[in-house]
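Chemist: Give me coordinates for this.
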Amino acid sequence: MVVSVLHHLAAACSAGLLLASAAHAEDASPWQTDSHSQVRLVAGSRTGAVMLGGIAIQLQPGWHTYWRNPGDSGVPPRFDFSKSDNLDSVTILWPAPMKFDDGAGGQSLGYEKQVLLPMRVVAKDTGKPVVLRATIAYAVCDKLCVPVEAATELAFTTVASTEDAALTDALNTVPKPATVGDANPLSIQDVKRTGDKVIVDAVAPEGKTPSLYAEGPTEDWALPIPTLDKHGPPGVNRFSFALDGLPSGATADGAALKLTLVAGDKAYEYNVTLP
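Modeler: Okay, here's the model as predicted:
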């Protein structure tokens, strides 16, 4: 009888471990590994039609990958979710980037070591599973750049995900929407245009040197990275950039720009319209 009870307990424990392992496995897809990086999908807890997930990229020391706007050189990541099941839409959220020398006298924007890109996943039918199938194309660079393409798949079925804390941390690194002239200690106070030059005045907490990034209304705009004027007005961080890199036939008049201001662990995003 004792042997029988022990046998059943062992079987139950074994089954429990298998179920726990299966539940954990549903929180993330297997790592897809290449020579300098690896990538996978992660899923947050499923609570309704809109779910939180992420694309995790890990990089070898000394290597980096790119933000949605790669800067003076580089290739932004591309994602194809067209083969997914029961998927209405995916919105990628981008943590604030850092700057790298691109080896050609310019600067690139992106991430080193690791990054988790949060994404909002919307189901077509809340009563059915969502299976996300993603083809992810990105570049990893040291002195040279290497293109990478990976195919990943993950079902969003987990009720309580072990990835929730990591996804929350990643969300906290995504620039928050803000308005020009607001009272944040880190903020853009004024944006003006002088001919083909844009001037942006920002304030930042004492001891913090901010960075500013500018994007056009469409991906084919390639605006330069704004430079900080070392001789700007007292108490003001004055940035400027030329209206270069516009696609053929485009005009800057009335253009909707996106400005991202970063200092330390704080970042804000501004939508502005040029006069």
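Chemist: Can you list the low-confidence ranges for the chain?
Modeler: Scanning the chain for pLDDT under 70 picks out 1-25.
Chemist: which residue is nearest the middle of this structure?
Modeler: Closest to where the C-alpha atoms of the chain average out (C-alpha atoms, centre = their mean) is Trp94, at 2.3 Å.
Chemist: Quick check: next helix or strand after the helix or strand hosting Val122?
Modeler: Element membership of Val122 [criterion: DSSP states H and E] is strand 114-123. The first helix or strand that comes after strand 114-123 along the chain, using DSSP H and E, is strand 130-141.
Chemist: for that following strand, the distance to its chain's centre please.
Modeler: Taking C-alpha atoms, centre = their mean, to the nearest Å, one finds the center of strand 130-141 at 13 Å from the center of the full chain.
Chemist: What helices and strands are in contact with that strand?
Modeler: strand 37-43, strand 50-59, strand 64-71, strand 78-80, strand 87-92, strand 114-123, strand 145-156 (3 or more C-beta pairs under 8 Å, 6 or more residues apart in numbering; DSSP states H and E). Using the backbone N, CA and C atoms, a C-beta is placed for each residue, glycine as well.
Chemist: All the helices of the stretch 101-250 of the chain, residue numbers only.
Modeler: 164-171 (DSSP state H, counting those that start in this stretch).
Chemist: mind putting the helices and strands packed on strand 130-141 in TSV, distance to Val198 included?
Modeler: Formatted as TSV, the helices and strands packed on strand 130-141 follow (distance: least, C-beta to C-beta, whole Å):
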stretch	distance to Val198
strand 37-43	35
strand 50-59	32
strand 64-71	15
strand 78-80	28
strand 87-92	26
strand 114-123	28
strand 145-156	29
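Chemist: Those: which one's closest to Gly195?
Modeler: The closest of the helices and strands packed on strand 130-141 to Gly195 is strand 64-71. By C-beta to C-beta, the value is 23.4 Å.
Chemist: With mean neighbour count and distance to Pro226 as extra columns, can I get the helices and strands packed on strand 130-141 in TSV?
Modeler: Listed next are the helices and strands packed on strand 130-141 as TSV, based on neighbours: other C-beta atoms under 10 Å; distance: least, C-beta to C-beta, whole Å:
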stretch	mean neighbour count	distance to Pro226
strand 37-43	23	29
strand 50-59	21	26
strand 64-71	22	11
strand 78-80	13	25
strand 87-92	14	23
strand 114-123	20	23
strand 145-156	17	24
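Chemist: Nearest to Ala256, out of those?
Modeler: Using C-beta to C-beta, the nearest of those to Ala256 is strand 64-71, at 14.8 Å.
Chemist: Can you give me the domain boundaries for this protein?
Modeler: Here the domain parsing of the chain from automatic domain parsing is 27-171, 176-273.
Chemist: Pick the most deeply packed of those.
Modeler: Mean neighbours per residue, mean count of other C-beta atoms under 10 Å, is largest over the domains of the chain for domain 27-171, with a mean of 17.
Chemist: what about it, how long is it end to end?
Modeler: By C-alpha to C-alpha, to the nearest Å, the extent of domain 27-171 from end to end equals 17 Å.
Chemist: Report the distance from it to the chain centre.
Modeler: Between the centre of domain 27-171 and the centre of its chain there are 7 Å (C-alpha atoms, centre = their mean).
Chemist: on that earlier part again, do you know which of the helices and strands packed on strand 130-141 lies nearest Asp164?
Modeler: Among the helices and strands packed on strand 130-141, the nearest to Asp164 by C-beta to C-beta is strand 50-59 (7.9 Å).
Chemist: So which elements touch that closest one?
Modeler: Packing partners of strand 50-59 (3+ C-beta pairs under 8 Å, 6+ apart): strand 37-43, strand 107-112, strand 114-123, strand 130-141, strand 145-156, helix 164-171.
Chemist: Include distance to Pro275 when you put these into TSV, please.
Modeler: Listed next are those as TSV, based on distance: least, C-beta to C-beta, whole Å:
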stretch	distance to Pro275
strand 37-43	42
strand 107-112	26
strand 114-123	33
strand 130-141	36
strand 145-156	38
helix 164-171	34
